[in-house]
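**Q** Take a look and give me a structure for this.
(one chain, ligands or ions: 1)
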Amino acid sequence: MMDKALSDRKVKSVVICGHNGKFCGGADIREFSSPLTGPLLIPVIQGVESAAKPVVAAIEGVALGGGLELALGCHYRIANSKARLGLPEVHLGLLPGAGGSQRLPRLIGVPAALDLITTGRHVTAAEALQLGLVDRVTDRNTVDEAVKFALSVADQSPQSRRISTFPCPRHPDLDALFEDVMQRVRQRARGALAPVACVRAVRAAATLPFPQGMERERELMATLFTSGQARAQQYHFFAQRAVGRWSMPSGARWDKTKPVAVHKAMVIGLGTMGRGIAVALVQAGVSVVAMETNEKQLTDAKQAISSMLERGAKRRGVAPALDKIRYSSDHSRRSRSALTGGP
Ligand SMILES: C/C=C(\C)C(=O)SCCNC(=O)CCNC(=O)[C@H](O)C(C)(C)COP(=O)(O)OP(=O)(O)OC[C@H]1O[C@@H](n2cnc3c(N)ncnc32)[C@H](O)[C@@H]1OP(=O)(O)O
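**A** Take a look at the predicted model:
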């Protein structure tokens, strides 16, 4: 379709829009675990960007991940006021690997691009306009507005609108900026690979010509794509949604059930998980009986749990709720707690 529009001499400009009020939510995450089919995104976006006639993205609903990368390949972006835009790949253990890490900093500057790409946060159309990510925001029918706009620029060359040809906006001290951001990102990432790779990819955009930046983006993406972390985060994406649909055989669902307040709980087994569960419950204000039949494990657990509670309380500037937990090694003396469980 796109090839036809671009090669048809009668067509002077093109509008790309989505379906059912959504521009594009990005790639199908389920496809990442099987061999990819269909056209590859990078050449598709390059084809759009290098078109000799203006291409306008009409963004309604969402433009996320590969969807926003496609919009960045267009020469103009018109967004509906209710639209949300973002590059959430970092939450899937990935980076925006279809040129997003290279085009976004060229369009909105390095600090703003680092923020969006390393946090994966969605922005509203209003913020996108402020950042320079979109050219116009409309409350009206977005496709109609985009068509009107495309007709108004039909006789203009899109040459100056190709983001890949933009120099990355200059920053007074790039080294200091990247050092600071990398330190903060590493701290927040706690071992996650993707946020760190995102910073490296943006650094490539800021320091290398576009083709070399794309090559660096490809290398970084290759290490993430097959990583266990990426697979786990993609599993988490679907698991989160599956939990929302979870129900008991009786048909009871968590979201349709009246919550019962839990004041007392018993945790059986004080290994690593049991200790964590006990601490989380105490910190939530629940009185806990922590049971462990192995005396050595019990002694170690008491010490570990007390210091976890003390550290947590110190962080939050409150007194540690050490009196909320009792220990027992007698399995036969299970109390009638509202909640009983063990790892
Ligand atoms: C390389 C990588 C590239 C090029 C990428 O593009 S990676 C993908 C980047 N995009 C995303 O991460 C977007 C993920 N999706 C969302 O944030 C949201 O689903 C949404 C904002 C698009 C819509 O939100 P909402 O209306 O609340 O609906 P749900 O979140 O409940 O989703 C509805 C069902 O659609 C499934 N879904 C959503 N996005 C994807 C996706 N990218 N791939 C596959 N499936 C997707 C989601 O799982 C829901 O289905 P069920 O799980 O309920 O069956």
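**Q** Just say helix, strand or coil for A79.
**A** Taken by DSSP: H, G, I helix; E, B strand; the rest coil, the conformation at A79 corresponds to strand.
**Q** Let me see the domain layout of this protein.
**A** Domain segmentation of the chain under automatic domain parsing yields 12-229, 262-340.
**Q** could these be laid out in JSON lines, adding distance to A5 and mean neighbour count?
**A** Heads up, the C-betas are built off the backbone N, CA and C, glycines and all. Shown next, in JSON lines, are the domains of the chain (distance: least, C-beta to C-beta, whole Å; neighbours: other C-beta atoms under 10 Å):
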{"stretch": "domain 12-229", "distance to A5": "5", "mean neighbour count": "19"}
{"stretch": "domain 262-340", "distance to A5": "56", "mean neighbour count": "16"}
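**Q** Quick one: neighbours of the residue of the stretch 151-300 of the chain found nearest the ligand, just the number.
**A** Nearest residue of the stretch 151-300 of the chain to the ligand (C-beta to the nearest ligand atom) works out as R241 at 3.8 Å. Residues lying near R241 (other C-beta atoms under 10 Å) number 9.
**Q** what do you get for the one 10 residues further on?
**A** Other residues near G251 number 7, with proximity taken as other C-beta under 10 Å.
**Q** Might you enumerate the residues of the stretch 151-300 of the chain proximal to the ligand?
**A** Residues of the stretch 151-300 of the chain found near the ligand (C-beta under 6 Å from any ligand atom) are F238, R241.
**Q** So which residues of the stretch 151-300 of the chain form helices?
**A** 174-189, 193-207, 210-225, 228-245, 272-283, 295-316 (DSSP state H, counting those that start in this stretch).
**Q** follow-up on the earlier one: got JSON lines for the domains of the chain, with distance to R245 and mean pLDDT too?
**A** Output for the domains of the chain, formatted as JSON lines (distance: least, C-beta to C-beta, whole Å; pLDDT from 0 to 100):
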{"stretch": "domain 12-229", "distance to R245": "16", "mean pLDDT": "96"}
{"stretch": "domain 262-340", "distance to R245": "23", "mean pLDDT": "90"}
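**Q** Nearest to M1, out of these?
**A** Proximity to M1 (C-beta to C-beta) singles out domain 12-229 among the domains of the chain, at 9.8 Å.
**Q** Just the terminal-to-terminal distance for the closest one.
**A** End-to-end span of domain 12-229 (C-alpha to C-alpha, to the nearest Å): 45 Å.
**Q** got it, and stretch 131-147?
**A** From the first residue to the last, stretch 131-147 extends over 23 Å; the measure is C-alpha to C-alpha.
**Q** can you check stretch 246-263 too?
**A** 25 Å.
**Q** Spit out the contact partners of E60.
**A** Applying C-beta atoms under 8 Å, 6 or more residues apart in numbering to E60 gives the contacts C17, G18, G21, K22, F23, A79, N80, K82, A83, T142, V143.
**Q** Many thanks, have a good one.
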